[in-house]
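> Using only what follows, build the 3D model:
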Amino acid sequence: MKIILITCLLISSIIISGCGNKNENSGNDGKESGVNSSGNQSNETTEKTDEQIKEDANSESGDKKAENELGMKPGLPLDFPKDIPQPKDAKVLGSLTTSEGTVVTFESNSKVLEIVEFYKEEMKNSGYTLSEEGESLVSDKGGLINWKKDNKTAGLMLGHDKDKNITSLVITYN
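Next up is the predicted model:
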């Protein structure tokens, strides 16, 4: 149940982080217009040096690279278990570690059922067995699978975005 809660939280966070204000380039090519001391819009523009533009870009993207507003860190966590395979041909989006466990998100161009079959075989080879929750609602659109091995648990949640033709994977472990 905890894994499902974490997984739902992560999926929600991915959706939320994809929405909202994007700091896009307004097309002013390093020029800024401002408001003068009387509060009126100034027609004057100031040239930003290349150095200032680079500093601004680094300060904005540097913070995002380290951690987003929801606490997800980019890349694969250092403690990712060696006995849980990474999906083939997938891109790691990030991870989130809580007291309940760790959640890692991936995107893949593979079909949901291909990924499910891959994980069923590889997790079995790694000594995992299906947990009491086992498989839930697995179809070509997505699903949930949970495994256990000794005192460890692992879960896989998948969803397919037919518009982008991408499968999102969430692997949880503790």
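
> Any chance of the backbone angles for N165?
phi 60, psi 50 (degrees, to the nearest 10).

> these two touch, right, it and S108?
No - using CB atoms under 8 Å, N165 is not in contact with S108, being 10.4 Å away. All C-beta atoms are positioned from the backbone trio N, CA, C, and that covers glycine.

> Compare the two and say which is more crowded by neighbours.
Between N165 and S108, counted using other CB atoms under 10 Å, S108 has the larger neighbour count: 19 against 9.

> Which residues are in contact with that one?
S108 is in contact with 87-91, 115, 166-167, 169, counting by CB atoms under 8 Å, 6 or more residues apart in numbering.

> As a check, name the ranges of all helices in this structure.
In the chain, the segments counted as helices under DSSP state H are 2-18, 50-66, 112-125.

> outside of the shortest one, which residues touch it?
Read it as helix 112-125. For helix 112-125, the surrounding residues in contact (CB under 8 Å, 6+ apart) are 84-85, 87-88, 108, 110, 138-143, 145, 147, 154, 156, 158-160, 167, 169.

> Repeat the analysis, applying 7 Å as the threshold.
85, 87-88, 108, 138, 140-143, 145, 147, 156, 158, 160, 167, 169 (CB atoms under 7 Å, 6 or more residues apart in numbering).

> Go ahead and build a PyMOL selection from the buried members of these.
To isolate the buried members of the contacts of helix 112-125 in PyMOL, using 16 or more other CB atoms under 10 Å:
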select buried, resi 87+108+138+142+143+145+147+156+158+160+167+169
